[in-house]
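>>> need coordinates for the below:
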Amino acid sequence: MIKEAIILAGGLGTRLRSAVPDLPKCMAPIHGRPFISYVINYLHSQGVERFIFSLGYMHEVIASYIKEHYSELDLEFIIEEEPLGTGGAIKYSCSKAKSADVLITNGDTFFDIDVEALSDFHADKKADCTLSLKPMQQFDRYGVVTLDDNERITSFKEKRFYESGLINGGLYALNVPSFLSEDFPEKFSFEQHYLEAFYGSKNMYGCVQDAYFIDIGIPEDYKKAQAEL
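Numbers count the residues shown, from 1 in each chain. Below you'll find the predicted structure:
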């Protein structure tokens, strides 16, 4: 069971600025609580005990809230002095990890998966990286991930309209030593320069879970989260 999580919350949130002008995206309020609190509470309820937060824009606001409301948890904060990209942020955070395998998710995305099932799947497959995949119908905001009969990733398809498909839910189980063994630059994209570049040579799998999923990156979905969470 994976008990350590990296939460990426360093983005500027420019697409959400019209709805939440004065806060980082993960701090957007949902019924009086920052969105990131739903993410932390969910992971903690699933057995996660240690949290590494990768922060950048307005990091003082985020860290202050978390320290005040989650002082009982094992917390570590990584501050990006300049944007490192998702890959750089994960690489930096992994250098502080205490476990061989960690969960990775975004502070502005909630995917209500079974973490124990993901952990078991990741261990059984001896995976370098396992993506949590969400079945979705009639969408154009996300790309599609395809799998073979052994649930190994076979392709990443670009964003366009799809009648149905599996989307990357942005919640991963990652083997830290395997990831850090690669010679990545300081700044890079996890999705483009790791997932899409290495799925053919690394043990990358997709764990499909048809659970609740919301990404508040745009005002329409932020409004949707207000009604659903």
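
>>> assign Phe121 to helix, strand or coil.
Put simply, Phe121 is helix when judged by DSSP: H, G, I helix; E, B strand; the rest coil.

>>> state the helix or strand in which the residue lying closest to Tyr70 once chain neighbours are set aside lies.
When the adjacent residues along the chain are set aside, Tyr70 lies closest to Ile40, with 6.2 Å between them (C-beta to C-beta, 6 or more residues apart in numbering). C-beta: built from backbone N, CA, C; applies to glycine. Element membership for Ile40 (DSSP states H and E) is helix 35-45.

>>> which parts of that helix are buried?
Going by neighbour count (16 or more other C-beta atoms under 10 Å), the buried part of helix 35-45 is Phe35, Ile36, Ser37, Tyr38, Val39, Ile40, Tyr42, Leu43.

>>> what strand or helix carries the nearest residue to the last one once chain neighbours are set aside?
By that I understand Leu43. The spatially closest residue to Leu43, leaving aside those adjacent along the chain, is Ala5, at 5.2 Å (C-beta to C-beta, 6+ apart). Mapping Ala5 onto the secondary structure by DSSP H and E places it in strand 4-9.

>>> which element follows that strand toward the C-terminus?
strand 29-30.

>>> so who does Ala117 touch?
By C-beta atoms under 8 Å, 6 or more residues apart in numbering, the contact list for Ala117 reads Cys207, Gln209.

>>> for my notes, confirm it occurs in a helix.
Yes: remark: Ala117 belongs to a helix, assigned using three-state DSSP.

>>> the helix holding Ile40 to strand 4-9, inter-axis angle?
With axes from the mean of the first three to the mean of the last three C-alpha atoms, to 10 degrees applied, the angle from helix 35-45 to strand 4-9 works out at 170 degrees.
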